[in-house]
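Visitor: Here is the input, now give the coordinates:
(one chain, ligands or ions: 1)
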Amino acid sequence: MNSIKVFCPATIANISCGFDVLGLALDAIGDEMMVRKTKQPGINISKITGQILPLETKKNVAGIAGLALLAESEYSGGFEIEIYKKIKAGSGIGSSAASSAGAVWAMNELLGKPFSPIELVKFAMQGEALASGVAHADNVAPALYGGFTLVRSYEPLDIIKINTPPDLYATVIHPQIEVKTSDSRKILKTSISLKDGIKQWGNVGGLISGLFLEDYDLIGRSLVDHIVEPIRSMLIPGFSEVKSETIKAGALGTGISGSGPSIFALSKGKDTADKVAEAMRNVYINIGVDYDVYVSKINTKGMHKI
Ligand code: ADP
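Guide: Prediction:
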């Protein structure tokens with residue numbers, strides 16, 4: 001196999017209580033990427049459609065992640081990459097992660113899978129470091145593993161795939177305002193109180209248990225963030241209304257997707273997820289801000305060939 005076309009899913013990081021450690025993959029939105037082996041060594045990004053992003057290898061997250069893989073590989077050739085962007089950069093649904101993870105996943109397939117998923121996460125994290133200044137794994141892990149993932153530890157890197165209950169749907173709204181990951185990190189406090197810590201790790205444990213037990217009420221009770229959401233939500237106009245209206249519409253829980261401005265809700269069943277989408281839309285129609293809305297099943301496959 002000398003070329004491969006892949007679907008690179010959008011992802012929701014944090015999932016309320018799991019700042020920097022939890023994430024999930026979507027299937028209703030993602031980029032596409034074409035990767036070909038070349039005799040010429042290195043990475044050549046030959047085409048990007050859908051968005052204006054740098055073609056220069058070292059300025060594009062796909063290039064940086066790909067170079068990290070090549071540095072550990074015995075392969076003496078290189079790769080040409082075409083990126084078809086559907087996920088807007090800075091939307092908070094893992095635009096950079098889709099490209100970082102997509103590039104290394106595709107290259108690994110073309111080389112006969114010499115690298116394990118955790119090694120691919122490490123390469124893709126180099127791309128994330130370029131996008132946000134921090135080599136976080138909470139978007140690239142679900143993009144590569146599919147479903148829900150927990151980054152149990154960064155040093156050493158330890159990633160656990162969490163069960164996905166079959167009726168769980170995500171609704172995501174992307175209000176068209178820009179919030180840069182790097183900016184939304186700067187406003188966070190660097191320490192938390194023991195009291196907040198206790199509430200937060202109780203909810204992380206509850207969410208993981210709820211996902212494994214397929215206990216939708218427990219999932220809903222655990223989708224609470226006492227630490228990051230109260231601060232970051234100030235950057236997202238309409239956030240508190242979206243939260244209250246989506247809960248009224250039947251969502252299990254609602255929070256900020258990644259660093260925002262996208263807002264996500266989890267629901268049991270597609271009908272409820274559609275009603276939640278309607279509730280989200282109405283808030284931004286009233287405020288007069290443009291938006292994109294997605295209703296998606298959780299993507300348990302992650303990256304895949306198309
Ligand atoms: P998101 O949270 O949606 O990933 P970020 O703000 O973290 O958005 O990342 C987007 C940043 O990464 C932008 O500054 C963008 O220019 C840069 N970038 C570089 N290469 C890519 C790429 N292939 N896809 C998306 N963003 C990229």
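Visitor: which strand is the longest one in this structure?
Guide: strand 22-38 (DSSP state E).
Visitor: Let me know the next secondary structure element after it.
Guide: In the C-terminal direction, the helix or strand that comes right after strand 22-38 (DSSP states H and E) is strand 42-49.
Visitor: picking that back up, anything in the longest strand of the chain near the ligand?
Guide: No. Counting by Cβ under 6 Å from any ligand atom, the ligand is not contacted by strand 22-38; separation bottoms out at 7.6 Å. Where C-beta positions appear, they are placed from N, C-alpha and C, glycine not excepted.
Visitor: ok, now stretch 121-131?
Guide: Yes. Counting by Cβ under 6 Å from any ligand atom, the ligand has neighbours in stretch 121-131: residue 131.
Visitor: what comes into contact with that stretch?
Guide: The contact list for stretch 121-131, computed with Cβ atoms under 8 Å, 6 or more residues apart in numbering, reads 59, 61-62, 64-69, 72, 96-97, 99-101, 103-104, 115, 134-137, 139-141, 143-144, 157, 159, 181.
Visitor: What mean pLDDT does it get?
Guide: Stretch 121-131 shows a mean pLDDT of 96 in the predicted model.
Visitor: What of stretch 33-49?
Guide: pLDDT averaged over stretch 33-49 gives 98.
Visitor: From the chain's centroid, how far away is that stretch?
Guide: Offset of stretch 33-49 from its chain centre (Cα atoms, centre = their mean, to the nearest Å): 24 Å.
Visitor: same check, this time on stretch 140-152
Guide: 9 Å.
Visitor: same deal with stretch 45-59?
Guide: For stretch 45-59, the separation from the chain centroid amounts to 20 Å (computed by Cα atoms, centre = their mean).
Visitor: ChimeraX command to pick out the buried ones of the contacts of stretch 121-131?
Guide: The buried residues among the contacts of stretch 121-131 can be selected in ChimeraX (16 or more other Cβ atoms under 10 Å) with this line:
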select :61,62,64,65,66,67,68,69,96,97,99,100,101,103,104,115,135,136,137,139,140,141,143,144,159,181
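Visitor: Keep only the contacts of stretch 121-131 that also lie close to the ligand.
Guide: With Cβ under 6 Å from any ligand atom as the criterion, the contacts of stretch 121-131 include 61-62, 96-97, 99, 181 near the ligand.
Visitor: Inside helices: which ones of those residues?
Guide: 61-62, 96-97, 99, 181 (DSSP state H).
Visitor: Identify the farthest-apart pair in those.
Guide: Spatial extent of these (Cβ to Cβ) is set by the pair 62 and 181 at 16.9 Å.
Visitor: hang on, the earlier thing: can you redo the ones in helices among the ones next to the ligand among the contacts of stretch 121-131 as a markdown table with pLDDT?
Guide: Converted to a markdown table, those look like this (pLDDT from 0 to 100):
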| residue | pLDDT |
| --- | --- |
| 61 | 97 |
| 62 | 98 |
| 96 | 96 |
| 97 | 97 |
| 99 | 98 |
| 181 | 68 |
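Visitor: Does residue 53 touch residue 87 like I think?
Guide: No. Residue 53 lies out of contact with residue 87 (Cβ atoms under 8 Å); the separation is 11.2 Å.
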